[in-house]
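Trainee: Give me coordinates for this.
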Amino acid sequence: MGSIKRFDLNRIIRDYKTPYFFETGTWKGDAVAYALKYKFKQIFSTEIVPQLQQAAQERFTDRGSVKIMQGDSATVMAKELPNIKGNCVFWLDAHFPGADASLTAYDAEKEETLRLPLQTELEIIKTTRSKYKDVLIIDDLRIYEDGPYENGNAPADTLPKKNRSIHFIYEYFDSSHVILKSWMDEGYILLFPKKTYTRKHFKVTHLFQQKPVADDYYLAEHTADGYNL
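Mentor: Numbering: from 1, shown residues only. As a prediction, the model looks like this:
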């Protein structure tokens, strides 16, 4: 399981003027808690499993800037994204409903768009957010292609039933975003708007090292005790 804590959201907010944060796959709400450390105007998260959504909602009940929504990510995004008037950081980590919480098996859900909703999520972002310069961070690259990931390649029961590739990401965003890949953890895909992307960003070679390097511009400091701001 990857972590948004790998990334320095403060620098992303500053460089890309992103006042909003939108997560798919709330789980325990740890990504929301991390986002609250930064100056986001509003934080959105969607969770398909009702009991997980309810627990997260109770966790952040006193935080007015947080909205935890229950439902499949595509349905919630189609309804909510047109109302977000500004650049957004997307943390896309919705898949295998209930499996990470040991509520079901990874391949129990037969509907592929619910089991692995990433392509549908990106299509919605592409069609509803064309006027904005959003930053997208996608977890679990290893689901879509093999590589020398820190945590190994994906188990067979987590793979797409067909068309295993990230071709759709390039189809939707190659013209508008710089697309980077990382082998850290279970793998990440990072999309930054081309119009505001600069060379002070990641050194591409550093993305593929197991330990972050000091001049990896958007990586949070990583220590033996965890992630520091």
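Trainee: Give me the helix or strand of the protein that scores worst on average pLDDT.
Mentor: strand 226-228 (a mean of 33; mean pLDDT, DSSP states H and E).
Trainee: so where is this structure shaky, pLDDT-wise?
Mentor: Under the criterion pLDDT under 70, the flagged ranges of the chain are 96-110, 197-229.
Trainee: who's sitting farthest from the centroid in it?
Mentor: In terms of distance from the mean C-alpha position of the chain, D62 ranks first, at 24.3 Å (CA atoms, centre = their mean).
Trainee: Quickly note the distance from that residue to L36.
Mentor: Counting by CB to CB, to the nearest Å, the gap from D62 to L36 is 11 Å. The C-beta positions use only the backbone N, C-alpha and C, and glycine is treated the same way.
Trainee: if I've got this straight, the residue farthest from the centre of the chain is in a helix?
Mentor: No: under DSSP: H, G, I helix; E, B strand; the rest coil, D62 sits outside any helix and is assigned coil.
Trainee: Phi and psi next, for it.
Mentor: Dihedral pair for D62: phi -100, psi 10, per degrees, to the nearest 10.
Trainee: residues contacting it?
Mentor: With contact set as CB atoms under 8 Å, 6 or more residues apart in numbering, D62 has no partners.
Trainee: For the remainder of this discussion, apply numbering that starts at 837.
Mentor: Done: numbering now begins at 837, and the last item shifts to D898.
Trainee: Can you show me the strands along the protein?
Mentor: Per DSSP state E, the chain carries strands over the ranges 856-860, 878-883, 902-906, 924-928, 971-975, 1013-1018, 1024-1029, 1057-1059, 1062-1064.
Trainee: most packed of those strands?
Mentor: For the strands of the chain, the largest average neighbour count (mean count of other CB atoms under 10 Å) is found in strand 856-860, namely a mean of 26.
Trainee: Can you lay out the strands of the chain as a markdown table showing distance to A914?
Mentor: Shown next, in a markdown table, are the strands of the chain (distance: least, CB to CB, whole Å):
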| stretch | distance to A914 |
| --- | --- |
| strand 856-860 | 12 |
| strand 878-883 | 11 |
| strand 902-906 | 12 |
| strand 924-928 | 14 |
| strand 971-975 | 17 |
| strand 1013-1018 | 21 |
| strand 1024-1029 | 20 |
| strand 1057-1059 | 36 |
| strand 1062-1064 | 32 |
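Trainee: Using PDB, write out the CA atom coordinates for stretch 897-906.
Mentor: Extracted in PDB, the C-alpha atoms of stretch 897-906 (Å, rounded to 0.1, in the frame of the first residue of the first chain):
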ATOM      1  CA  THR A 897     -16.600  15.300  12.400                       C
ATOM      2  CA  ASP A 898     -15.200  18.500  13.800                       C
ATOM      3  CA  ARG A 899     -13.300  19.500  10.700                       C
ATOM      4  CA  GLY A 900     -15.500  21.700   8.600                       C
ATOM      5  CA  SER A 901     -13.100  21.600   5.600                       C
ATOM      6  CA  VAL A 902     -13.400  17.800   5.200                       C
ATOM      7  CA  LYS A 903     -16.200  16.100   3.300                       C
ATOM      8  CA  ILE A 904     -16.300  12.300   3.400                       C
ATOM      9  CA  MET A 905     -18.700  10.900   0.800                       C
ATOM     10  CA  GLN A 906     -20.000   7.300   0.500                       C
END
